[in-house]
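Enquirer: Provided below for reference: sequence and predicted model.
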Amino acid sequence: MPKKKKSKDNEKKKDLIAGLPKKEHISQGHRACAGCANILAVRHALKAAGKDVIVVSATGCMEVVTSPYPQTAWKVPWIHATFENAGAVASGIAESLKKQNNSKTKVLAIAGDGGTFDIGLQSLSGAVERNHDFTYICYDNEAYMNTGIQRSGSTPKYAATTTSPAGKKIHGKIEFKKHMPMIIAAHNENVYVATANMAYPMDYYKKVKKGLEHKGPAYIQVLCTCVPGWKVPSNISIDLLKLAYNAKITPLYEIENGKLKFTMKPEKPISVNRYLNLQGRFKHLNKAEIAEIQEHVDEEFEKLEKLEESEVKI
């Protein structure tokens, strides 16, 4: 008997690369940009989900690059929802599976920050409040990249976009980024909420896996580089995301039963300047604006640490 068990364990190891399943559920040859972290978020989410999943994809970069008619990169059941209703479509599928007593098939909704923070917030809010059993992934590249790099509720303060240009008087977007994970967490104590960064795929993979196994709504927000939108070389995409993490711009945490817990913390935090300086969307910043961003990042990180320490429910 021990030999058989060992044989099964060896077989499982053969199906893994660096702890992740070998099996791919999205094809190579999609039309994502070189250096695009969004497609990595989709790829790793599907590795976590496996083949028994129904994917709802809102209009956005990942819908466009993976499904140019009559071709598709998806190897699992996939539905294109409109820009604003991924949450509603996922709700309907989840309820249909429930009526069929099908607890095996997972429902995975995927949308960008434009389709999540802004235009899709209403349907997502309703789905979470109603406690539907589905997992929602926001690939957060901090603007409406697919339609021409317009600012969204996720766009950082002072970032230049086509609708928040860096002029002489107004230096890019004038508002800080919306606190979307906290907004979702406030809806329903049963919702699982997590933040991720595509430079750390195992942390992301585990959170997606956890969200899919959670009975109820799950929301995972993953920071992803957009090479043309952030105005960066494609070969620094992942390095840039590592800088975002180490500058405390991307706090990595999860919220379960209303309580927040960090999953990773930078050992040696760096200044935000090292992250900002590499991006064309921030090249216009002056010292005062960089100092303001640094202060904001430090304050927000400190708030999260206090929430974790106090164990106060959100």
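Expert: Yes, it's here. Numbering: from 1, shown residues only.

Enquirer: for the stretch 201-314 of the chain, which segments count as strands?
Expert: Counting by DSSP state E, counting those that start in this stretch, the stretch 201-314 of the chain has strands at residues 218-223, 252-256, 259-264.

Enquirer: for the stretch 51-200 of the chain, same thing?
Expert: Per DSSP E, counting those that start in this stretch, the stretch 51-200 of the chain carries strands over the ranges 53-57, 78-80, 106-112, 135-140, 192-197.

Enquirer: with mean pLDDT, distance to K283 and mean neighbour count added, can I get the ones you listed in a markdown table?
Expert: (Each C-beta comes from the backbone N, C-alpha and C, glycine too.) Output for the strands of the stretch 51-200 of the chain, formatted as a markdown table (pLDDT from 0 to 100; distance: least, CB to CB, whole Å; neighbours: other CB atoms under 10 Å):
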| stretch | mean pLDDT | distance to K283 | mean neighbour count |
| --- | --- | --- | --- |
| strand 53-57 | 98 | 33 | 23 |
| strand 78-80 | 97 | 36 | 17 |
| strand 106-112 | 98 | 24 | 28 |
| strand 135-140 | 98 | 21 | 30 |
| strand 192-197 | 98 | 23 | 27 |
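
Enquirer: residue ranges for the helices of this structure, please.
Expert: For the chain, the helices defined by DSSP state H occupy 2-14, 38-49, 61-66, 86-99, 121-129, 180-185, 201-213, 227-230, 237-246, 272-276, 287-310.

Enquirer: out of those helices, deepest packed?
Expert: Mean neighbour count (mean count of other CB atoms under 10 Å) peaks for helix 38-49 among the helices of the chain, with a mean of 24.

Enquirer: ok, back up a step: okay, the strands of the stretch 51-200 of the chain in JSON lines with distance to E305 next?
Expert: Output for the strands of the stretch 51-200 of the chain, formatted as JSON lines (distance: least, CB to CB, whole Å):
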{"stretch": "strand 53-57", "distance to E305": "35"}
{"stretch": "strand 78-80", "distance to E305": "39"}
{"stretch": "strand 106-112", "distance to E305": "29"}
{"stretch": "strand 135-140", "distance to E305": "22"}
{"stretch": "strand 192-197", "distance to E305": "14"}
